[in-house]
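Asks: coordinates for the following, if possible.
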Amino acid sequence: MTDIKTAIGKIESFIRPATFPVGVRMLASGDPIPERAKRPRRDMSVEITTCQAITMSRKYGWTVALATEDINCPLTKIAFGLEKEPAFFKEGNCCAGMYTGSAEAGARTEAKTYHFPYNRYSGILMAPAAKAAFEPQVVIVYANPAQVMRLVTGALWKRGGALESSFTGRIDCSDEIIRPIETGEFEVILPCYGDRVFGQTEDHEMAFSFPWARVDELIEGLEGTHKGGVRYPIPSFLQYSGQFPPTYNKLDEIWAEEKA
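Replies: Numbering: from 1, shown residues only. Purely as a prediction, here's the structure:
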């Protein structure tokens, strides 16, 4: 496997993202936390959402470690198995009235959201992937739709076919981290409402997430598609003659008459 710094450098050279790709590793009880890691409650006297922490890593360049006491988003605590999942949540009550018209519909939405079992992990560690002091399980790249398209074509270079992602408009940290860990698949991410409110993800941004174990496959695909002519920035076709207003064309007529 390509070393982290080299691999991320190659991906950035093809994609040119505006913010740092973020490496994420789940922490089990007793796992070491880098000394430089920011702990929101200890170091900033705040509790935050996971999407805020991702934004801190991708925009500030910070290493951030989250345990239960650092997180104020109840939905994250349930999805990541940091707290038990109450029947109230499973029955769709946290969706109903905001995201779905009924608790029954909300229960179907909750059932489609990937979860870690309760108590499998004790925290979440993230950092700009190129300078992470740990091997990530997943890398998240925030980008515009054209850049995400470029990552999709790279991911499909060897196997072809299509990527399959699903979207609920909520709990996108599950889609970005839990889903690729559990499935081993590349994921296209539609940032959720909370990511936009709290993580301040912008309207033009999407994300692409991949298991670190597949980084060489992705790089090979980016290199192959680049050689095939699929590039970012998207090259414009410029070999054509533009059209101008009649008054502009009149100048050509005047010059032609003068030369005659």
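Asks: now Lys5: which helix or strand?
Replies: Element membership for Lys5, per DSSP states H and E: helix 4-15.
Asks: now the helices for the protein?
Replies: Under the criterion DSSP state H, helices of the chain are mapped to 4-15, 50-55, 74-79, 87-90, 103-111, 145-155, 172-173, 179-183, 193-197, 215-227, 246-259.
Asks: ranking the ones you listed by burial, who's on top?
Replies: By mean neighbour count, with neighbours taken as mean count of other Cβ atoms under 10 Å, helix 172-173 ranks first of the helices of the chain at a mean of 28. Heads up, the C-betas are built off the backbone N, CA and C, glycines and all.
Asks: contacts for it?
Replies: With Cβ atoms under 8 Å, 6 or more residues apart in numbering as the test, helix 172-173 has contacts from 49-51, 54, 76, 79-80, 189-192, 194-195, 207.
Asks: which stretches of the stretch 1-150 of the chain aren't confidently modelled?
Replies: 1 (pLDDT under 70).
Asks: where along it do the strands fall?
Replies: 22-27, 64-67, 123-128, 138-143 (DSSP state E, counting those that start in this stretch).
Asks: and of the helices of the chain, who's closest to Glu135?
Replies: Each of the helices of the chain has some distance to Glu135 by Cβ to Cβ; the shortest is helix 4-15, at 7.1 Å.
Asks: how far does that closest one sit from its chain's centre?
Replies: Put simply, helix 4-15 sits 15 Å off its chain's centre (Cα atoms, centre = their mean, to the nearest Å).
Asks: quick one: the closest residue to Gly224 other than its chain neighbours from Leu218, how far?
Replies: The shortest distance from Gly224 to any non-neighbouring residue, by Cβ to Cβ, 6 or more residues apart in numbering, is to Trp157 (4.6 Å). As judged by Cβ to Cβ, to the nearest Å, Trp157 and Leu218 stand 9 Å apart.
Asks: repeat for Ala87
Replies: Distance from Ala87 to Leu218, by Cβ to Cβ: 40 Å.
Asks: repeat that for Leu238.
Replies: 30 Å.
Asks: next one: Ala18
Replies: Taken as Cβ to Cβ, the span from Ala18 to Leu218 is 19 Å.
Asks: one step back: neighbours of the residue nearest to Gly224, just the number please.
Replies: As a burial measure, Trp157 scores 19 neighbours (other Cβ atoms under 10 Å).
Asks: pretty sure it contacts Gly221?
Replies: Yes: applying Cβ atoms under 8 Å, one finds Trp157 in contact with Gly221, separated by 3.0 Å.
Asks: residue closest to the middle of this protein?
Replies: Nearest to the mean C-alpha position of the chain, counting by Cα atoms, centre = their mean, stands Ala207 at 2.9 Å.
Asks: can you check the pLDDT for that residue?
Replies: pLDDT for Ala207: 98.
Asks: contacts only, for the closest residue to it other than its chain neighbours.
Replies: Take Ala207 and drop its neighbours on the chain: the residue closest to it by Cβ to Cβ, 6+ apart is Ile189, 3.7 Å away. Applying Cβ under 8 Å, 6+ apart to Ile189 gives the contacts Ile140, Ser165, Asp172, Asp175, Glu176, Met206, Ala207, Phe208, Ser209.
Asks: the second one and Phe208, how far apart?
Replies: Ser165 sits 9 Å away from Phe208, taking Cβ to Cβ as the criterion.
Asks: swap in the fifth one?
Replies: According to Cβ to Cβ, Glu176 stands 9 Å off from Phe208.
Asks: I'd say Ala28 and Ser122 touch.
Replies: Yes: shown here, Ala28 and Ser122 form a contact pair, counting by Cβ under 8 Å, at 6.2 Å.
Asks: burial of Thr2, as a residue count?
Replies: Counted with other Cβ under 10 Å, Thr2 comes out at 12.
Asks: list the contacts for the residue nearest to Pro117 when sequence neighbours are not counted?
Replies: Excluding its sequence neighbours, the residue lying closest to Pro117 (Cβ to Cβ, 6+ apart) is Gly81, at 5.4 Å. Going by Cβ under 8 Å, 6+ apart, Gly81 touches His115, Phe116, Pro117, Tyr118, Asn119, Arg120, Tyr121.
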